[in-house]
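K.L.:
Here is my input; please provide its structure:
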Amino acid sequence: MVLTRARIFATVIALWALSCSPEREGSELFAPGGLGIPVVDAVLVVGQPFSDIYLSQTIAPDELFTREGAGLNGASVTVEGDANIISYQSMGVRGWYTTSAPFTVQPSTTYRFTATLADGRVVRASTTTPAQLSVREWVLLDESGTILLQTLSTFAEHGDTVYYRDENQLVYPENILAAILDDQSTAGYQIGLVNLETDSPLLIDADFLEEDDLDNFKRTNSSPPLNYEATLRVPWLAIYYAGRYNLRVVALDRNWYDIARTDPAVGGGGFGFGGEAGDTSKRPIFHVDGGIGVFGSVSSDSVGFYVNPPAN
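P.N.:
Here you go, the predicted structure:
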């Protein structure tokens with residue numbers, strides 16, 4: 001998942017860097033002045049080992065993005081926290097750096113990233129991680145959103161058996177699935193949905209759809225960045241297939257929040273999700289000194305449930 005996100009991110013940022021500069025005229029969009037800008041791609045996850053870091057550079061919009069063509073090798077990469085300095089090593093794949101340091105990402109902690117490139121350029125960024133996110137309750141509410149119908153079991157309570165427990169059975173498209181949150185003063189939130197099946201049936205009426213239209217109904221979906229709400233509701237329009245679902249609520253640091261809200265290609269916003277926080281600008285907001293991209297952090301909590309087709 002990380003590698004896929006990194007590839008998409010690096011390609012999108014490369015295009016933005018060349019085609020969205022407010023100082024360029026249309027005839028200058030592909031001028032070489034925008035080439036070779038360092039691109040950072042790293043998101044730390046609270047409670048997890050330190051994630052891989054990808055370093056690449058901007059390329060021409062008409063050039064196919066590949067690690068071999070855009071990745072930056074030979075960099076010295078470190079991440080410094082309150083008590084430790086984590087060193088990264090190249091994985092042999094161009095631009096891909098990893099660490100074996102036996103530490104996990106801590107909540108409410110500032111981490112500083114430094115990359116000294118092979119040509120001497122220095123790229124810096126920092127992130128302050130969100131507090132550890134813990135959803136107070138995962139619930140099913142009635143259609144009015146005022147009456148509690150059932151409280152879902154969690155992975156902490158029952159492990160992967162949650163998908164088959166009675167209280168985690170949902171019937172499409174009845175009632176309202178929601179996460180009850182305490183405000184953690186984080187920059188924003190995102191919701192991610194993953195259908196864990198490979199061949200479960202569509203829940204919507206597909207009779208009016210063309211074959212090409214069916215390709216738009218993915219088994220993964222994510223929201224744009226959302227502002228805090230005590231009851232964060234999950235719309236049925238974001239759920240297409242029957243079967244097991246993993247629902248994840250993610251608290252965002254300022255860096256990931258800003259890149260997500262100003263570039264929908266990076267920030268998600270799949271069909272069915274609304275309530276986008278912030279705005280979409282002509283150029284993404286980068287918090288990177290000496291380059292572009294993101295060195296961000298998130299904290300998350302998740303639940304599993306099973307979506308059953310309508311009874312009739």
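K.L.:
Next, count neighbours for Thr114.
P.N.:
By other Cβ atoms under 10 Å, 18 other residues sit near Thr114. For the C-beta atoms, the positions are set from N, CA and C on the backbone; glycine is no exception.
K.L.:
Quick check: Ser300 touching Ala251?
P.N.:
Yes: using Cβ atoms under 8 Å, Ser300 makes contact with Ala251 at a distance of 7.0 Å.
K.L.:
Please enumerate the helices of the stretch 1-150 of the chain.
P.N.:
2-19, 67-70 (DSSP state H, counting those that start in this stretch).
K.L.:
My reading is that Tyr257 lies in a strand. Confirm?
P.N.:
No: going by DSSP: H, G, I helix; E, B strand; the rest coil, the assignment for Tyr257 is helix, not a strand.
K.L.:
Sort out which residues of stretch 138-153 are buried, please.
P.N.:
For stretch 138-153, burial by neighbour count (16 or more other Cβ atoms under 10 Å) applies to Trp138, Val139, Leu140, Leu141, Leu152, Ser153.
K.L.:
ok, now stretch 179-194?
P.N.:
Using 16+ other Cβ under 10 Å as the burial criterion, the residues of stretch 179-194 that qualify are 179-181, 184, 186-194.
K.L.:
pLDDT-wise, what's the bottom of those?
P.N.:
Least confident of the buried residues of stretch 179-194 in the model: Gln184, at 84.
K.L.:
related to what we said a few turns ago, can the buried residues of stretch 138-153 go into a markdown table with extra columns for pLDDT and distance to Ser223?
P.N.:
Output for the buried residues of stretch 138-153, formatted as a markdown table (pLDDT from 0 to 100; distance: Cβ to Cβ, whole Å):
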| residue | pLDDT | distance to Ser223 |
| --- | --- | --- |
| Trp138 | 98 | 16 |
| Val139 | 98 | 18 |
| Leu140 | 98 | 19 |
| Leu141 | 97 | 18 |
| Leu152 | 98 | 19 |
| Ser153 | 98 | 24 |
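K.L.:
Among those, which one sits closest to Pro310?
P.N.:
Leu140 (15.6 Å; Cβ to Cβ).
K.L.:
Strands of the stretch 201-312 of the chain, start to end?
P.N.:
Assigned by DSSP state E, counting those that start in this stretch, the stretch 201-312 of the chain shows strands spanning 220-222, 231-234, 243-252, 292-308.
K.L.:
could you measure Ala242 against Gly291, distance?
P.N.:
Counting by Cβ to Cβ, to the nearest Å, the separation of Ala242 from Gly291 is 44 Å.
K.L.:
I meant to write Ser185 there.
P.N.:
29 Å.
K.L.:
now do Trp138
P.N.:
Look at Trp138 and Gly291: by Cβ to Cβ, they are 39 Å apart.
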